[in-house]
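A.B. asks: Kindly return the folded structure for what I paste below:
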Amino acid sequence: GTCIPRDLRIPVDDKTTCSCPDKFHGDECELNETRIDLLMEMPAMKDSLLIHFIRVNSHMPALQYIPSEQWGPHERVTTFKRIPFDSDVVTIYWPNPFHLIFVENDDQMYLVLIQLKYTTSTHLFTKLEQKQRCPPIQELLNND
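C.D. replies: Alright, predicted model coming up:
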């Protein structure tokens, strides 16, 4: 990547800001982005997807003798991806930590990936199948 000093007025400051090429990230573009290959196993899908990455934040309470675990605010980041005409695989490169991936298409949600522990710069392969659909609460309760 291209790196420039953060403050040109301070010559001893060795901190830089880097503009990384596609598929790389990190302070000096030293890390590969996580690659997720999503095999589309459902025929009647619209031509685009919303992909929701969820990072589950947890931390122990300040008082260590309390045995329960506290859950912090979870983070969600969403990206848009087109489904290629000539392929049944959608490839996503992602630089940020995540634990869950939901895919949204035509107002339907699918849970396609769960990872309990995030591993950076890895290559993941998963499928989008009907059995991964998350029904809305109204459907679960038979409310119309």
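A.B. asks: Specify the residue ranges that define each domain of the chain.
C.D. replies: What automatic domain parsing lists as the domains of the chain is 1-31, 33-134.
A.B. asks: deepest of those domains, which one?
C.D. replies: Comparing the domains of the chain by mean neighbour count (mean count of other CB atoms under 10 Å), domain 33-134 ranks first with a mean of 13. Where you see a C-beta, it was placed from the backbone N, CA and C, and this is true even at glycine.
A.B. asks: Report the mean per-residue pLDDT for it.
C.D. replies: For domain 33-134, mean pLDDT is 86.
A.B. asks: State whether residue 126 is indeed within a strand.
C.D. replies: Yes. Applying DSSP: H, G, I helix; E, B strand; the rest coil, one finds residue 126 inside a strand.
A.B. asks: follow-up on the earlier one: any chance of the domains of the chain in JSON lines with distance to residue 142 as columns?
C.D. replies: What follows is the domains of the chain, written out as JSON lines (distance: least, CB to CB, whole Å):
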{"stretch": "domain 1-31", "distance to residue 142": "46"}
{"stretch": "domain 33-134", "distance to residue 142": "16"}
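A.B. asks: closest to residue 141 out of those?
C.D. replies: Closest of the domains of the chain to residue 141 is domain 33-134, at 14.3 Å (criterion: CB to CB).
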